[in-house]
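J.: Mind looking at a prediction? Sequence and model below.
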Amino acid sequence: MLNQIRRTPNLLALIIVSAALAVLPLTTQNNYILTIFILVGQFTIITVGLSLLMGYAGQISLGQATFYGIGAYTMAILSARFELSPWLSLLAGVILAAAVAYLVGLLIFRLHGHYLAMATLGMNVILFLILTQEVEWTGGPSGFRGVPDLSLGSFTFSSDLHYYYLMWFFTLIVIALSLNIVNSRVGRAMRALHTSEVAAEAVGIDTNAFKLKVFALSAAYGGLAGGLHATYLGFMSPGSFTINVSIELVVMAVVGGLASVWGAMFGAGAVLAIEQYLRTAIKSLIPNASGEHEIIAFGLILMLIMIFMPQGLFAGLVTAVRQRRTVFRKP
């Protein structure tokens with residue numbers, strides 16, 4: 001996996017990020033902060049998949065929460081109701097999410113543009129209806145409880161600290177795998193597909209096969225995040241997998257930078273940080289503030305980011321650092 005990564009500064013970045021994440025829990029005793037970072041890791045996994053699908057392969061998906069939900073409920077039902085090993089249940093959720101994406105992709109990738117976007121939204125609507133109506137299996141609107149913890153031998157992942165390291169272990173694997181993909185021949189084929197399907201086909205790229213594979217891979221990432229979400233909380237409800245969540249995931253990808261694997265982590269962290277900050281800051285500024293005020297402020301901040309960093313936070317920060325270094329190098 002590291003063969004392609006060694007050719008770029010990404011290997012050094014992976015080492016630095018891994019070391020920083022390993023040390024972070026030692027600097028705080030606040031479980032709330034750990035929870036936020038667990039969520040950042042969880043959403044980074046899904047957003048990396050969206051970046052591959054939308055930023056590199058150029059395909060639109062507004063229903064990524066579908067595969068997030070499939071992974072979560074597969075993990076929950078198999079481990080809690082059928083008493084299957086939680087690890088096997090997690091793997092089953094990943095495989096099922098990828099399989100559903102592949103089968104659905106056979107149909108929806110005949111569409112383009114807005115029609116494709118509406119089809120992916122339709123997937124999300126169908127999943128939400130299943131989760132709310134199939135009460136016997138999913139718990140319905142009341143949610144599903146009793147998802148067991150993951151364990152390794154006699155060690156059980158039972159605390160926020162345990163799940164922090166577990167979540168980021170999987171997150172960094174996903175980032176490393178995705179960096180390897182985008183810096184390989186497959187990544188170049190994806191970029192060609194994004195630029196022009198006709199031109200890609202002219203040079204021998206099987207565009208339909210590539211679209212299906214990338215869609216299935218992004219769904220597998222969503223299924224992985226969903227399964228980890230289920231075992232971490234031990235409870236889930238259909239409200240965690242709505243169209244609003246799918247839109248928020250797209251926002252994370254756009255804010256971080258669509259054509260950037262590292263941008264997915266920046267986007268997920270920035271959006272969650274802004275949301276958490278606004279919940280407290282708005283109330284202190286406007287005593288009678290409601291949820292609408294938070295949405296307005298959130299929208300304004302996103303507009304500013306897109307105006308001043310149209311390529312996303314990661315690309316914007318890299319450009320700013322390069323410009324600063326250029327200025328300092330001048331005599």
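T.: Nice, I can see it. Residues are numbered from 1 along each chain as shown.
J.: which ones are touching A219?
T.: By CB atoms under 8 Å, 6 or more residues apart in numbering, A219 lies in contact with 49, 64, 66-67, 70, 97-98, 100-102. Every C-beta, even on glycine, is put in place using the N, C-alpha and C of the backbone.
J.: can you name the two of the residues you listed that are farthest apart?
T.: Pairwise distances across the contacts of A219 (CB to CB) peak at 15.0 Å, for the pair Q64 and Y102.
J.: okay, the two: which has more neighbours?
T.: Q64 (31 against 16; other CB atoms under 10 Å).
J.: from what I can see that one touches V251, true?
T.: No - between Q64 and V251 there is no contact under CB atoms under 8 Å: 11.5 Å.
J.: out of everything not next to it in sequence, what's closest to I243?
T.: Nearest non-adjacent residue to I243, counting by CB to CB, 6 or more residues apart in numbering: N124, 5.0 Å away.
J.: Could you tell me whether that neighbour really is in a helix?
T.: Yes - residue state for N124 (DSSP: H, G, I helix; E, B strand; the rest coil) corresponds to a helix.
J.: In the stretch 1-150 of the chain, where is pLDDT below threshold?
T.: 1-8 (pLDDT under 70).
J.: Quick one: the helices in it, in order.
T.: 2-5, 10-23, 31-50, 65-76, 86-108, 113-133, 135-138 (DSSP state H, counting those that start in this stretch).
J.: Indicate which one of these is closest to I282.
T.: Among the helices of the stretch 1-150 of the chain, helix 31-50 sits nearest to I282 (CB to CB), with 18.0 Å.
J.: Of all the residues in the closest one, which ones are buried?
T.: 34, 36-50 (16 or more other CB atoms under 10 Å).
J.: show me what contacts A80?
T.: Applying CB under 8 Å, 6+ apart, the residues near A80 are 144, 146-148.
J.: same check, this time on G222
T.: 45-46, 49, 64-68, 70-71, 97 are the contacts of G222 under CB under 8 Å, 6+ apart.
J.: okay, those residues in CSV with distance to G269 next?
T.: Output for the contacts of G222, formatted as CSV (distance: CB to CB, whole Å):
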residue, distance to G269
I45, 13
I46, 13
G49, 17
Q64, 18
A65, 19
T66, 24
F67, 22
Y68, 18
I70, 25
G71, 22
A97, 24
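J.: Check those residues and tell me the two furthest apart.
T.: It's I45 and T66 that sit farthest apart of the contacts of G222, by CB to CB, at 15.2 Å.
J.: V271 is in contact with E248, correct?
T.: Yes - between E248 and V271 there is a contact under CB under 8 Å: 6.9 Å.
J.: Compare these two and say which is more crowded by neighbours.
T.: Between E248 and V271, counted using other CB under 10 Å, V271 has the larger neighbour count: 26 against 19.
J.: With that, I have no additional questions.
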